[in-house]
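Engineer: How does the following fold in three dimensions:
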Amino acid sequence: MSLTICVLNLKICVFNIAAQTVAMPADTLKTRVLNSQRPEATLVKIAVETVQKEGFRALFRGYIPAITRQGPVIVVQMPIVEHLRLMLGVGYL
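Structural biologist: Below you'll find the model as predicted:
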């Protein structure tokens with residue numbers, strides 16, 4: 001049982017990092033569009049401008065703080081949720 005929970009927590013961490021990696025460019029572009037003072041700023045224009053001026057890595061600006069912000073959720077909340085699910089007889093997610 002203990003090994004199963006450890007494996008489950010490892011899977012949750014891996015999937016969280018993968019999800020954040022996929023969602024980060026969209027989150028960065030959304031923030032740039034909302035902070036833009038230009039009325040003609042669209043998502044596509046901001047994306048092209050960002051990649052041309054700053055490179056592809058600029059789409060992942062703020063990646064480490066985003067992962068760090070989700071750390072407590074992964075380490076504390078998800079094991080509690082899974083344990084409650086087991087106590088209620090629902091099983092793992």
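Engineer: Next up, the contacts around I74.
Structural biologist: For I74, the contact set (C-beta atoms under 8 Å, 6 or more residues apart in numbering) comprises N9, I12, C13, N16. Every C-beta, even on glycine, is put in place using the N, C-alpha and C of the backbone.
Engineer: Can I have the buried ones of the residues you listed as a PyMOL selection?
Structural biologist: To isolate the buried subset of those in PyMOL, counting by 16 or more other C-beta atoms under 10 Å, use the following:
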select buried, resi 12+13+16
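Engineer: any chance of the contacts of I74 in JSON lines, plus distance to Y63?
Structural biologist: Shown next, in JSON lines, are these (distance: C-beta to C-beta, whole Å):
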{"residue": "N9", "distance to Y63": "22"}
{"residue": "I12", "distance to Y63": "19"}
{"residue": "C13", "distance to Y63": "15"}
{"residue": "N16", "distance to Y63": "13"}
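Engineer: which intervals of the protein have sub-threshold pLDDT?
Structural biologist: 1-3, 91-93 (pLDDT under 70).
Engineer: quick one, longest helix in it?
Structural biologist: Ranked by residue count under DSSP state H, the longest helix found in the chain is helix 2-35.
Engineer: Can you name the residues in contact with the next helix or strand after it?
Structural biologist: Next in sequence after helix 2-35, counting helices and strands by DSSP states H and E, comes helix 43-54. Residues outside helix 43-54 that contact it (C-beta under 8 Å, 6+ apart): T28, L29, K30, R32, V33, S36, A58, L59.
Engineer: So the last one sits against M24, correct?
Structural biologist: Yes - counting by C-beta atoms under 8 Å, L59 sits close enough to M24 to count as a contact (6.9 Å).
Engineer: Check the gap between the residue nearest to the spatial centre of the chain and M87 for me.
Structural biologist: With distances taken as C-alpha atoms, centre = their mean, the residue of the chain nearest its centroid is Q20 (2.5 Å). Separation of Q20 from M87 (C-beta to C-beta, to the nearest Å) stands at 29 Å.
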